[in-house]
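Enquirer: Next one to model:
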Amino acid sequence: MEHPEIWISAIVVGCAAVMAYGLLLPPVSKSLIWRATVTPLASIIGSGFLVLGPILSREYGQYAPLVMLALCAVAYGFGSAIRFNISHFESLPEGQANGIRTLEAISSWALALAYIVSVTYYLNLLGSFAVSLTNANERVFARLVTTAVLIFIGVFGLRHGLKRLEDLEETAVTIKLAIIAGLLIGMVVYLGHLLNTSGTVHNPAQPFGSASLFLVFGLVICVQGFETSRYLGKQYDAPTRIRTMKLAQWIATGIYLVYAALMAFSFDASTMGTSETAIIDVTHVVAPVLPAMLVAAALAAQFSAAVADTAGCGGLISELSRNRVPQSIGYIVVTIGGVLLTWTADVFEIIAYASRAFAIYYSMQSIVAARLAASHQSAWAFLYGILAILGIVIAIFGIPAG
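Expert: Numbering: from 1, shown residues only. So this is what the prediction gives:
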């Protein structure tokens, strides 16, 4: 066919519309299991999803799907530790296992720090995607957009609370998942077109060394988000949270593996840009409609995720200080920390910082799980101990992609 991008555009838009319609149907949108699944799933498949594809293709070539599988496997291991804690720590009677409770408190402070960095990461991606299709596509303008949104969220949270902004989350999640579905279907059709014409692309991997491994450590943030199930106890019981966290991680793993494979075998990595918005230029050859759709998905995803993590951080700081620090002050802490990071580091550095912060949190959660497993004489104690060490190694050695 002479102009495949035209009919691929139609397929992309059609698939996205069908997915959005399906997610909005009452049997899905009102399902308890789906609602409990969509919170961690939306966090795992954020706009880090869009950043990750070009990075893996450039660095690991045809082995990108295997690297993606390794990342998801590590994330599933950390998820297992958190699920063990949901099952065993939350049921501990008050006053028992004070040593483990101290570790849990340290873990929560680590998560508060991770939230500050992750909000910065989300909104720096938002800023980059917001200017990506304009004449102001420069780092300074992206940072100005990020700073403005950070200040808006902080001031809005201080004056009104963030509940009204959080109400937008369900709509944002639907938009994001629908557009990602359209993207993947469009890439599948594009790959089929290549098979019928020029054949698949062969991307050689860069020479593998310690830097390649440390780069993977710096990308942990891109598959992070499953831990949100740990803090939904007021809405869902433990068995539901455990089941739906597993489901979210399995769905995300499947999507990530398909995406990594399609990127690795459909596009010449040597022509990909090194910016965080490289996916925009890559997908333009698939369908002209995709760049605008991906920007919409990125803006919706990053704003909702930033609001959710800002609210989570404010609540966590207030809880850990035993309500001595108001939740609204926590929002200002996030804003100040985010602005400082935005103007002192680039997006890829912030991704690496966020990966380190969450690795520390996951390490602490793994230590808690190891202690609990040991007290139950469970063989899982050894695995959680290994994961705790791995979290520390990731925090020390993770490096930026750029």
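Enquirer: how about low-confidence regions in the stretch 1-150 of the chain?
Expert: Across the stretch 1-150 of the chain, residues meeting the criterion (pLDDT under 70) sit at 1-5, 47, 95-98.
Enquirer: hmm, who's touching stretch 185-202?
Expert: Judged by CB atoms under 8 Å, 6 or more residues apart in numbering, the contacts made with stretch 185-202 from elsewhere in the structure are 1, 4, 8-9, 11-12, 15, 61-62, 259, 262-268, 283, 285-287, 290. Heads up, the C-betas are built off the backbone N, CA and C, glycines and all.
Enquirer: Counting by contacts, list what the helix or strand hosting Phe214 packs against.
Expert: Take DSSP states H and E as the rule and Phe214 turns out to sit in helix 210-217. Judged by 3 or more CB pairs under 8 Å, 6 or more residues apart in numbering; DSSP states H and E, the packing partners of helix 210-217 are helix 48-60, helix 64-88, helix 380-397.
Enquirer: With only the CA atoms kept, save the first one in PDB.
Expert: Looking back up the chat, that one is helix 48-60. Extracted C-alpha coordinates of helix 48-60, given in PDB (Å, rounded to 0.1, in the frame of the first residue of the first chain):
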ATOM      1  CA  GLY A  48       8.400   6.300  31.900                       C
ATOM      2  CA  PHE A  49       7.000   3.700  29.500                       C
ATOM      3  CA  LEU A  50       7.500   6.200  26.600                       C
ATOM      4  CA  VAL A  51      11.100   7.100  27.700                       C
ATOM      5  CA  LEU A  52      12.100   3.500  28.200                       C
ATOM      6  CA  GLY A  53      11.700   2.100  24.600                       C
ATOM      7  CA  PRO A  54      14.200   4.300  22.800                       C
ATOM      8  CA  ILE A  55      16.700   4.000  25.700                       C
ATOM      9  CA  LEU A  56      16.700   0.200  25.600                       C
ATOM     10  CA  SER A  57      16.800   0.000  21.800                       C
ATOM     11  CA  ARG A  58      19.800   2.300  21.700                       C
ATOM     12  CA  GLU A  59      21.800   0.600  24.500                       C
ATOM     13  CA  TYR A  60      20.800  -3.100  24.200                       C
END
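Enquirer: what about the nearest residue to Leu126 once chain neighbours are set aside, how many residues close to it?
Expert: Counting by CB to CB, 6 or more residues apart in numbering, the nearest residue to Leu126 once its immediate chain neighbours are dropped is Gln302, at 3.8 Å. Gln302 has 28 neighbours, counted by other CB atoms under 10 Å.
Enquirer: Isn't Gln62 up against Pro204?
Expert: Yes: assessed by CB atoms under 8 Å, Gln62 is found in contact with Pro204 at 7.4 Å.
Enquirer: who has more neighbours, the two?
Expert: Per other CB under 10 Å, whichever of Gln62 and Pro204 has more neighbours is Gln62, with 17 against 11.
Enquirer: so who does the more buried one touch?
Expert: Residues touching Gln62, when contacts are defined by CB under 8 Å, 6+ apart, comprise His202, Asn203, Pro204, Ala205, Ala264, Phe265.
Enquirer: give the contact list for Ile175.
Expert: The neighbours of Ile175, taking CB under 8 Å, 6+ apart as the test, are Ala20, Ala296, Ala297, Ala300, Ala301.
Enquirer: In the helix or strand encompassing the last one, which residues are buried?
Expert: This points to Ala301. Under DSSP H and E, the secondary-structure element containing Ala301 is helix 290-320. Of the residues in helix 290-320, those buried by neighbour count under the rule 16 or more other CB atoms under 10 Å are 290-291, 293-295, 297-318, 320.
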